[in-house]
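A.B. asks: Provide a 3D model corresponding to the input given below.
(one chain, ligands or ions: 1)
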Amino acid sequence: MVKILTQSMVQEAAAYIKEKTSVMPEIGLILGSGLGILAELIEDAVAIAYEDIPHFPVSTVEGHVGELLIGNIQGRPVVMMKGRFHMYEGYGPEVTAFPVRVMKEIGVEKMLVTNAAGGVNTNYHAGDLMIISDHLNLTGRNPLVGPNEPAFGVRFPDMSEAYSGRLRNLAKTTAEAQGFNIQEGVYAGLLGPNYETPAEIVMLRKLGADAVGMSTVAEVIVARHTGIEVLGISCITNMAAGILDQPLSHDEVMETAEQVKGKFLGLVMALIPYM
Ligand code: HPA
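C.D. replies: Residues are numbered from 1 along each chain as shown. Predicted coordinates:
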């Protein structure tokens, strides 16, 4: 069953948020594992609990904070999701991406989305950062299924530049200026929650994937539907299944994310003023 999220639900959520702050965010941040510390760098942040926002999804994971932070980073007004929704938790794609609709309604025009991903391209190494050039939506789900709301966007949105060429160039030159090599490639988004089999990784490589993960695609589809310019960056936390002779674990993913945190944070902080 598709849960229909209407324009009025988005407007009610947005109206509640606008009451709480006078900051009009231009940039939306949805940050994957390990980058939560960016929250501490938001100046004059107003925190709004997801559970207080009308129609907003709330996290099912115990101990997970769910809040929107609105404030300034490097002089740019931003809204950051602290806590994100994955389809493998049981949320429908339209619920996963609902916060993106709300971001648009409060004024967001650009979005930075980051994630942890497994390296499918054998030239990659754990610890690499990858600019997402494009994605393969292999989740079997789509947040735009159901009646189209014309106020959000068109029925059949173009995806020929899902990830902005301008922002990809910006990310590349910024990384170079910071003295590190950044990869650029295709992100395959799968439903999860299990890591892939080695055979699935061989398949993904043949399909043109460079990295694989379990987030991002639903949020980006909704962002593009509603006209938000998107930059996506993956942290390659591990090589995907079957490439190295070792099992995958969430601990390894978190450990690499932790090690790369400084580089990732430096890049994001340098990008925000120019997004
Ligand atoms: N596969 C899927 N999702 C992931 C991986 C992986 O290898 N690493 C981090 N997120």
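A.B. asks: which part of this structure gets nearest to the ligand, residue-wise?
C.D. replies: G118 (2.1 Å; C-beta to the nearest ligand atom). Yep, even glycine has a C-beta here, placed from its N, CA and C like the rest.
A.B. asks: doesn't that residue fall inside a strand?
C.D. replies: Yes - counting by DSSP: H, G, I helix; E, B strand; the rest coil, G118 is found in a strand.
A.B. asks: for the closest residue in space to it that isn't next to it in sequence, the count of nearby residues, please.
C.D. replies: Distances taken as C-beta to C-beta, 6 or more residues apart in numbering put A240 closest to G118, at 3.6 Å, once the chain neighbours are dropped. A240 has 29 neighbours, counted by other C-beta atoms under 10 Å.
A.B. asks: now T122
C.D. replies: By other C-beta under 10 Å, neighbour count at T122 equals 12.
A.B. asks: contacts only, for it.
C.D. replies: M239, I243 (C-beta atoms under 8 Å, 6 or more residues apart in numbering).
A.B. asks: rerun at 10 Å
C.D. replies: The contact partners of T122, taken as C-beta atoms under 10 Å, 6 or more residues apart in numbering, are R205, D210, M239, A240, I243, L244.
A.B. asks: tell me the bridge partners for the third one.
C.D. replies: Using DSSP bridges, the beta-bridge partners of M239 come out as G119.
A.B. asks: mind checking how far it is from Y124?
C.D. replies: 7 Å (C-beta to C-beta, to the nearest Å).
A.B. asks: what touches both of the two?
C.D. replies: With C-beta under 10 Å, 6+ apart as the test, M239 and Y124 both reach G118.
A.B. asks: can you tell me which residues in the stretch 51-200 of the chain are near the ligand?
C.D. replies: A116, A117, G118, Y195, E196 (C-beta under 6 Å from any ligand atom).
A.B. asks: for these, give me TSV that also has pLDDT and neighbour count.
C.D. replies: TSV is the format used below for these (pLDDT from 0 to 100; neighbours: other C-beta atoms under 10 Å):
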residue	pLDDT	neighbour count
A116	94	23
A117	97	32
G118	97	27
Y195	97	19
E196	98	21
